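K.L.:
The following comprises the amino acid sequence and a computationally predicted model.
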Amino acid sequence: MTRQWWKESVVYQIYPRSFNDSNNDGIGDINGIIQKLDYLQELGIDVIWLSPVYESPNDDNGYDISDYTRIMSDFGTMEDWDRMLQEIHKRNMKLIMDLVINHTSDEHHWFVESQKSTDSTYRDYYIWRDKPNNWESAFSGSAWEYNKETNQYYLHLFSQKQPDLNWENPDVRNDLYTMMKWWLDKGVDGFRMDVINFISKDQRLPDGDATNGKLYASGHPYYMNGPRVHEFLQEMNQKTLSNYDIMTVGEMPGVTPEQAKLYTAESRNELDMVFHFEHMDIDSGPGGKWDIKPWSLVELKQILSKWQTELENEGWNSLYWNNHDQPRIVSRFGDDGVYRVESAKMLATTLHMMKGTPYIYQGEELGMTNVRFNPIANYRDIETLNMYKEKINEGVEEDALLEKIYVKSRDNARTPMQWDSSVNAGFTETTPWLQVNPNYVDINAAKAVADPDSIYHYYKQLIALRKKYPIIVYGSYELLSPDSERIFAYTRKLRDTHLLVVSNFTSEFVHFDIPEGFLKATKLIGNYHKHNERLGDKLALKPYESCVYNDADS
């Protein structure tokens, strides 16, 4: 397998609105990011993934772009951005930008012109129909919005202020490629591409399968991994991406490992890696995200192991627990109470020892947790607010809705970064755009950096190990004890070297049978100070204990 810098990198995602406010207006900004670059360099970060900072009316927190080549004033200026890139590169880190090209804002020049007349030069930049189908928006309600000026409907798979671009139109594609080249020529090191597997729609736009008497239906079969998506991505690669030494990752809901190999195989010239959501959906029932069900460790292992083995020789994995759309992992798969520190370290070990490129979301390295806001007015996420309004109108009790929101709202990830124990966690000196999690007094970066046993320093060790041991990056993977609901264990192998990774996902003491080849292995890292006991050929694991053994200094 070819060695590329992005395979050996660790990525840190910054959600700029919530990262660091330098001018005390309550909103994080680019200069605030610059102030914290030394913190990220010290952690060992190689690549920063920056969520959108483009000009936007901010209906979906910047994922509704009105001008791809301007910076939103909330975040600063293009001069600030230029300085940030320079400072990032000065520290031997790289920057990838969030690229949203399935849709724009309805305030983008293209759409403003498109909606004026059926004869507009930009009419065919978007998807217009005389009659809507029954597709449901990801943010609730119909995926179509009526435009009275032209007596037609336009498609928006997300907010009504996020009209979908018509990728069937070559002018759209060429304009987007020109814009991408503009950023690449400025020096960005790649793109994270938002819902990029939605760009090709079945042009029949058939109705979805409405169930249980629902008014709207999922259109997923007709726009996820659509008929021309590989053609479009190969064209994009040929015209822009292949001319630069960059990394690309595509966010792809509904993608399978077989499809991911098509997207990421080096011979196909599309993308470098994908974000799949399969492991993020294991606590979602048939009703979707808000239909919360208990999750199973056996199922989690099956999913992650499937992706490890099926992309072992072809394609590449993105490794992540958190991002701006997901609740905090320590509250989700760990214990955000008594064993918060131990379980956060355990989850980090389990993920970072796998094959693929690890992604850390801001605050993950501190063990930041979900938040419980009340009343609903304290939430800002459009998906959360739309769901709440829809369900309240259907007669669902507010307490039941709030419990779902406490578990799954995207605002769990978007509360301001907790820098220290001062007012508003050191994020801002004024009222923040979204309230700070009240536990910032105990959970913050200043405290973590000062404590050598903190989650922060443990992440730092994991990152350093990945840089030292090629087996962590390139070794093959094999799952052990697949039916255990308490232990996640696997081995890695590269030539004559082997690693054993064992994680206890429970608050109980658990025994694990050591594989024969590791009876004399040495511990590489563990999340407890004292070595876990060996009882003959067994390990005695403490609550949420995780440890890594190697049989040779590879």
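P.N.:
Here it is on my side, so go on.
K.L.:
Could I get the pLDDT score of the residue nearest to Ser114 when sequence neighbours are not counted?
P.N.:
Here the nearest residue to Ser114 in space, its sequence neighbours aside, is Tyr122; by C-beta to C-beta, 6 or more residues apart in numbering that works out to 4.2 Å. Backbone N, C-alpha and C define where each C-beta goes, glycine included. Residue-level confidence at Tyr122 comes out at 98, pLDDT.
K.L.:
Same check on the one 5 residues further on?
P.N.:
Per-residue confidence (pLDDT) for Ile127: 98.
K.L.:
returning to that earlier point: pull the contacting residues for the residue nearest to Ser114.
P.N.:
With contacts taken as C-beta atoms under 8 Å, 6 or more residues apart in numbering, Tyr122 has the following neighbours: 109-111, 113-114.
K.L.:
Bridged to Lys538, which residues?
P.N.:
Asp513, Leu535 (DSSP bridges).
K.L.:
State the mean pLDDT of stretch 474-484.
P.N.:
What stretch 474-484 shows for mean pLDDT is 98.
K.L.:
Check which residues of it are buried.
P.N.:
475, 477, 479-481, 484 (16 or more other C-beta atoms under 10 Å).
K.L.:
Highest neighbour count among the contacts of Tyr122?
P.N.:
Each of the contacts of Tyr122 was scored by neighbour count (other C-beta atoms under 10 Å); the top score is that of Ser114, with 25 neighbours.
K.L.:
ok, so what distance separates that residue from Trp135?
P.N.:
When distance is defined by C-beta to C-beta, to the nearest Å, Ser114 is 20 Å away from Trp135.
K.L.:
what ranges do the strands span in the stretch 251-400 of the chain?
P.N.:
Taking DSSP state E, counting those that start in this stretch as the test, the strands found in the stretch 251-400 of the chain are 273-275, 284-285, 288-292, 318-319, 357-361.
K.L.:
Just checking: what are the partner strands of the third one?
P.N.:
When sheet partners are counted by DSSP bridges, strand 288-292 sits next to strand 284-285 (antiparallel).
K.L.:
give me the number of residues near His511?
P.N.:
Going by other C-beta under 10 Å, the residues that sit close to His511 add up to 13.
K.L.:
what's the answer for Asp119, then?
P.N.:
By other C-beta under 10 Å, neighbour count at Asp119 equals 7.
K.L.:
Just read off the phi/psi values of it.
P.N.:
Taking degrees, to the nearest 10, you get phi -100, psi 0 for the backbone angles of Asp119.
K.L.:
Can you tell me the SS state at Thr428?
P.N.:
For Thr428, the secondary-structure state derived from DSSP: H, G, I helix; E, B strand; the rest coil is coil.
K.L.:
Check the spatially closest residue to it that is not a sequence neighbour and give its pLDDT.
P.N.:
Spatial nearest neighbour of Thr428, excluding adjacent residues (C-beta to C-beta, 6+ apart): Asp21 at 3.8 Å. Among the per-residue scores, Asp21 shows a pLDDT of 98.
K.L.:
what does Lys301 give?
P.N.:
pLDDT for Lys301: 98.
K.L.:
thinking again about what came up before, most widely separated two among the contacts of Tyr122?
P.N.:
When C-beta to C-beta is used, the two most widely separated members of the contacts of Tyr122 are His109 and Ser114, lying 9.4 Å apart.
K.L.:
what packs against the helix of greatest length in the chain?
P.N.:
Among the segments of the chain that qualify as a helix by DSSP state H, the longest is helix 170-186. Contact analysis of helix 170-186 by 3 or more C-beta pairs under 8 Å, 6 or more residues apart in numbering; DSSP states H and E lists strand 67-71, helix 229-239 as its packing neighbours.
K.L.:
Check the secondary structure at the closest residue to Glu390 other than its chain neighbours for me.
P.N.:
The shortest distance from Glu390 to any residue other than its chain neighbours is 4.9 Å, reached at Ser140 (C-beta to C-beta, 6+ apart). Following three-state DSSP, we place Ser140 in the coil state.
K.L.:
To what extent is Ser140 buried, counted in neighbours?
P.N.:
Going by other C-beta under 10 Å, the residues that sit close to Ser140 add up to 17.
K.L.:
Spit out the contact partners of it.
P.N.:
Residues 383, 386-387, 389-390 are the ones in contact with Ser140 under the rule C-beta under 8 Å, 6+ apart.
K.L.:
now the residues you listed in TSV, with neighbour count, distance to His276 and pLDDT?
P.N.:
Supplementary listing: the contacts of Ser140 in TSV, determined by neighbours: other C-beta atoms under 10 Å; distance: C-beta to C-beta, whole Å; pLDDT from 0 to 100:
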residue	neighbour count	distance to His276	pLDDT
Glu383	22	20	92
Asn386	16	25	92
Met387	22	23	93
Lys389	14	30	94
Glu390	14	27	91
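K.L.:
Need those in a markdown table (columns: distance to Phe75).
P.N.:
Conversion of those to a markdown table gives the following (distance: C-beta to C-beta, whole Å):
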| residue | distance to Phe75 |
| --- | --- |
| Glu383 | 22 |
| Asn386 | 25 |
| Met387 | 28 |
| Lys389 | 29 |
| Glu390 | 31 |
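K.L.:
Tell me the one among those nearest to Asn269.
P.N.:
Using C-beta to C-beta, Glu383 is the member of these that sits closest to Asn269, with 34.1 Å.
K.L.:
Enumerate the positions of stretch 134-151 that are buried.
P.N.:
Buried positions in stretch 134-151, judged by neighbour count with 16+ other C-beta under 10 Å: 134-145, 147, 150.
K.L.:
between the buried residues of stretch 474-484, which is closest to Lys467?
P.N.:
Checking the buried residues of stretch 474-484 against Lys467 with C-beta to C-beta, the nearest one is Gly475 at 14.6 Å.
K.L.:
Ser159 reaches Ser137, doesn't it?
P.N.:
Yes - A contact is recorded between Ser159 and Ser137 when judged using C-beta atoms under 8 Å, the distance being 7.4 Å.
K.L.:
Can you find the helix or strand in this structure with the smallest mean pLDDT?
P.N.:
The least trusted helix or strand in the chain, going by mean pLDDT, DSSP states H and E, turns out to be strand 533-535, with a mean of 64.
K.L.:
Could you tell me the model confidence score at Ala552?
P.N.:
Per-residue pLDDT puts Ala552 at 59.
K.L.:
ugh, wrong one, I meant Leu539
P.N.:
Model confidence at Leu539, expressed as pLDDT, equals 92.
K.L.:
How about it: what's its closest non-neighbour residue?
P.N.:
Phe512 (4.5 Å).
K.L.:
just Tyr12 next, same as before
P.N.:
Distance criterion C-beta to C-beta, 6+ apart; nearest residue to Tyr12, sequence neighbours excluded, is Ile45 at 4.4 Å.
K.L.:
just Thr150 next, same as before
P.N.:
Once flanking residues are discounted, Thr150 sits nearest to Thr118: 5.3 Å by C-beta to C-beta, 6+ apart.
K.L.:
go on, Asp189?
P.N.:
Nearest non-adjacent residue to Asp189 (C-beta to C-beta, 6+ apart): Lys94, at 3.7 Å.
K.L.:
Quick check: buried residues in stretch 253-270?
P.N.:
Neighbour counts using 16+ other C-beta under 10 Å place 253-255, 257, 259-265, 268, 270 of stretch 253-270 among the buried residues.
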